[in-house]
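Asks: give me the fold of what follows.
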Amino acid sequence: MNQRSLIALAIIIFLSFLGGLAIYLITPFGIGTSPDSVVYIGVANNFAAGRGLTTSTAPGRYEPLTQYPPFYPFVLAVGGSFFGEPYQAAQALAGLVFGFNIFLVGAVLLRLIQWSVWPAVFGAAIMLLAPPMLGIHVMAWSEPIFILLCLLSFIVLSGSIQRQKFGWLIVSAVLASLALFTRYAGVALVTAGLIGIFSFSRGRWPRRLVEALTFGSISVMPLLALLTYNQQAAGSATNRIFAFHPVTRAQLWQGLTTLSSWVGLPVSLPTYVHLIVVGFIFVVSLVFALDLLRFGLSTSGAYQLGNSPPHFIVLLALFTGIYSAFVVLSISFLDANTPLDDRILSPIYVTFLILVIYLVSRYIHSRKPAVWRLIPGSMVLILLVVYGASSFPFLRTSRASGIGFSSPVWENSALLQEIRGLPVDVAIHSNVPEAIYLHTGRPATRLPRVYERSAAQSNPEFELELLAIEAKMATEKAVIAFFNQPGRIENPSLEDIEAILDLEIQTQAADGWIYTLTNPAGE
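Replies: Residues are numbered from 1 along each chain as shown. Model (predicted):
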């Protein structure tokens, strides 16, 4: 490695350190939390307490985790033994993973683009300032560690294919298995890996078949065993119902604006502007890819201009397409609630960033006029300025007000204070059970949904489910804690509940009420 590369590597390491430090500085009230985050933390708490990978909605009642893969909660539980508790471990893990993701993007580009060091530095800087990356890394979500595992798996797998190292293949498969245990979308990683092994392995077909079977078995079989256990123990493998509900127009619009925001476009612009920009990016990327293919057909080898693209780049391209198809299929048949936002599309952001920087760098390196180098460099600098203008206000707001349920507003909630005073054997039903668990440590059951977003339809069982809660409240100690907070469309309003149940106020607070039945059984 020459002196320029060493300097670039030092800059990348510094940017990675800044990324990890930024997470710590942004979250003085704790890592950002959403409903999913609270599930992860709750499962981690249960695992650390010896109750296994379970969720809890009532005192002493535990159910196997099925809707979410278990690796992220498991890591939080292990981290809790070093940082005091899983919630604190989530903050430390977020900083570490953000730093590693920044470093991997920069280091991979530095390895791939040997004719210039600036693309690698720009890639790391973009990762540091990009709102989509900051947005997912400040939250207790599984996406950051999923991205890390995907990058590591592809790095090791491409090395295995290049050097014919069977041991590396096994390591890559283990990393892919952990990615599947982090997000079910890891099936895209496994599929891309299998295609890559069949396409690029230099061995004969019997060897390729053995490699593919080894990679597929190690990466998939552990998850299949877990899903089988879930089906037997909880009656559902993933807590999802197979039904057809195609991607909606609203989701397509969200996906379009998400993609265009990656190049700094405001959401408020007309639809045709977003369509033109996204279409232009797609066409230009396709032209670059075809041009590279033309160069690649003329010679053999890797990592030098005029040769075929490195296996790592091809694996990323395969993953990008397969992951996109997986998301569409998942929305259409499994979970209509999936939004096409920065969180869901974040793995594509990282792979697309690496692909674009590599393709553009390789393309302009073959062009002699200096303008071919000045134009993309100037565009990257403009993008960094746009990203910074968007990210820094977000950083200030997050540091001052907290993120999600991790905020002084929730910590100082008057209703939560009243809930803390309830007897420990009282079961709680609420429209915001996540806030109750995070700030009081008490499990709470979510009130029935009026709208099932995963199935994109109204909940036909809403009244029956609410009456079932009434029956429980009539025979056991239980209350309804209703927060006067803007809720999601699936949550019932107070009017929806009072139209079915006969309730009376036990406690009134500034931000909500605690209700009991007016006439419990036996009174």
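Asks: so how far is residue 21 from the residue minimising distance to the centre of the chain?
Replies: For the chain, residue 143 is the residue whose C-alpha lies nearest the centre (C-alpha atoms, centre = their mean; 2.6 Å). Noted for residue 143: a distance of 21 Å to residue 21, by C-beta to C-beta, to the nearest Å. Just so you know, the C-beta spots here come from the backbone N, C-alpha and C atoms, and that holds for glycine as well.
Asks: then residue 469?
Replies: 46 Å.
Asks: tell me which of these two has more neighbours.
Replies: residue 469 (20 against 13; other C-beta atoms under 10 Å).
Asks: surely the more buried one meets residue 448?
Replies: Yes. Taking contacts as C-beta atoms under 8 Å, residue 469 lies within contact range of residue 448: 7.3 Å.
Asks: ok so, going back, list the contacts for the residue nearest to the centre of the chain?
Replies: Residue 143 sits next to 136, 183, 343, 346-347 when contact means C-beta atoms under 8 Å, 6 or more residues apart in numbering.
Asks: looking at those residues, which are in helices?
Replies: 136, 343, 346-347 (DSSP state H).
Asks: helices along the stretch 51-200 of the chain, start to end?
Replies: 71-83, 86-112, 118-129, 131-137, 143-163, 166-180, 187-200 (DSSP state H, counting those that start in this stretch).
Asks: picking up where we left off before, from residue 374, how far out is the residue nearest to the centre of the chain?
Replies: 35 Å.
Asks: any idea which helix or strand carries residue 480?
Replies: strand 478-483 (DSSP states H and E).
Asks: tell me what whichever helix or strand comes after that strand is packed against?
Replies: Remark: after strand 478-483, the chain's next helix or strand is helix 494-498, criterion DSSP H and E. In terms of contacts (3 or more C-beta pairs under 8 Å, 6 or more residues apart in numbering; DSSP states H and E), helix 494-498 is packed against strand 478-483.
Asks: where does the closest residue to residue 261 other than its chain neighbours land in three-state SS?
Replies: Closest residue in space to residue 261, ignoring its immediate chain neighbours: residue 267 at 6.6 Å, by C-beta to C-beta, 6 or more residues apart in numbering. Judged by DSSP: H, G, I helix; E, B strand; the rest coil, the three-state class of residue 267 is coil.
Asks: so residue 267 makes contact with residue 259?
Replies: No. Using C-beta under 8 Å, residue 267 is not in contact with residue 259, being 11.5 Å away.
Asks: and these two? Which one has more around it.
Replies: residue 259 (20 against 12).
Asks: what about the more buried one, helix or strand, and which?
Replies: helix 249-261.
Asks: show me the shaky parts of the stretch 251-400 of the chain.
Replies: Residues of the stretch 251-400 of the chain meeting the criterion pLDDT under 70: 288-309, 366-373.
Asks: quick one, helices of it?
Replies: Using DSSP H, counting those that start in this stretch, helices in the stretch 251-400 of the chain cover 271-298, 311-333, 342-365, 371-401.
Asks: elements contacting the last one?
Replies: Where contact means 3+ C-beta pairs under 8 Å, 6+ apart, helix 371-401 is packed against helix 3-26, helix 118-129, helix 131-137, helix 342-365.
Asks: off-centre distance for it?
Replies: Taking C-alpha atoms, centre = their mean, to the nearest Å, one finds helix 371-401 lying 22 Å from the centre of the chain it belongs to.
Asks: next structured bit after it?
Replies: Downstream of helix 371-401 (by DSSP H and E), the next one is helix 408-411.
Asks: so how far is that following helix from its chain's centroid?
Replies: 25 Å.
Asks: buried sites along it?
Replies: 410-411 (16 or more other C-beta atoms under 10 Å).
Asks: and if you look at stretch 151-171?
Replies: 151-162, 168-171.
Asks: which of the residues you listed scores worst on pLDDT?
Replies: pLDDT across those is lowest for residue 162, at 85.
Asks: how close does that residue get to residue 353?
Replies: Residue 162 is 23 Å from residue 353, by C-beta to C-beta.
Asks: likewise for residue 217?
Replies: 32 Å.
Asks: more neighbours: these two, which one.
Replies: Per other C-beta under 10 Å, whichever of residue 217 and residue 353 has more neighbours is residue 353, with 21 against 13.
Asks: touching, that one and residue 127? I think so.
Replies: Yes. Using C-beta under 8 Å, residue 353 is in contact with residue 127, at 7.2 Å.
Asks: hey, what's in contact with both of those two?
Replies: Jointly contacting residue 353 and residue 127 under the rule C-beta under 8 Å, 6+ apart are residue 105.
Asks: max pairwise distance over the buried residues of stretch 151-171: which two?
Replies: Greatest spatial distance among the buried residues of stretch 151-171 (C-beta to C-beta): 151 and 170, at 17.9 Å.
Asks: what sits against the spatially closest residue to residue 318 that is not a sequence neighbour?
Replies: The shortest distance from residue 318 to any non-neighbouring residue, by C-beta to C-beta, 6+ apart, is to residue 192 (3.9 Å). Contacts for residue 192 (C-beta under 8 Å, 6+ apart) come out as 154, 315, 318-319, 322.
Asks: same question, residue 46
Replies: 52-56, 62.
Asks: could you name the helices and strands sitting against the helix or strand encompassing residue 437?
Replies: Element membership of residue 437 [criterion: DSSP H and E] is helix 433-440. The contact analysis (3+ C-beta pairs under 8 Å, 6+ apart) places helix 433-440 against helix 35-48, helix 408-411, helix 414-420.
Asks: and residue 327, which of these is closest to it?
Replies: Among the helices and strands packed on helix 433-440, the nearest to residue 327 by C-beta to C-beta is helix 35-48 (16.4 Å).
Asks: tell me the domain boundaries of the chain?
Replies: 3-401, 412-517 (automatic domain parsing).
Asks: okay, how far is it across the longest one, tip to tip?
Replies: So that's domain 3-401. 44 Å (C-alpha to C-alpha, to the nearest Å).
Asks: now it, how far from the centre of its chain.
Replies: 8 Å.
Asks: tell me the most buried of the helices and strands packed on helix 433-440?
Replies: With neighbours defined as mean count of other C-beta atoms under 10 Å, the helices and strands packed on helix 433-440 peak in mean count at helix 35-48, which reaches a mean of 22.
Asks: now that helix and helix 86-112, what's the angle there?
Replies: Per axes from the mean of the first three to the mean of the last three C-alpha atoms, to 10 degrees, the angle that helix 35-48 makes with helix 86-112 is 110 degrees.
Asks: and helix 35-48, C-alpha only, in PDB?
Replies: Output of helix 35-48 as PDB, limited to C-alpha atoms (Å, rounded to 0.1, in the frame of the first residue of the first chain):
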ATOM      1  CA  PRO A  35     -42.400   0.000  18.600                       C
ATOM      2  CA  ASP A  36     -40.000  -2.500  17.000                       C
ATOM      3  CA  SER A  37     -37.100  -1.200  19.100                       C
ATOM      4  CA  VAL A  38     -39.100  -1.900  22.300                       C
ATOM      5  CA  VAL A  39     -39.800  -5.400  21.200                       C
ATOM      6  CA  TYR A  40     -36.100  -6.000  20.600                       C
ATOM      7  CA  ILE A  41     -35.200  -4.600  24.000                       C
ATOM      8  CA  GLY A  42     -37.900  -6.500  25.700                       C
ATOM      9  CA  VAL A  43     -36.800  -9.800  24.200                       C
ATOM     10  CA  ALA A  44     -33.200  -9.100  25.200                       C
ATOM     11  CA  ASN A  45     -34.300  -8.400  28.800                       C
ATOM     12  CA  ASN A  46     -36.200 -11.700  28.900                       C
ATOM     13  CA  PHE A  47     -33.300 -13.600  27.400                       C
ATOM     14  CA  ALA A  48     -30.900 -12.000  29.900                       C
END
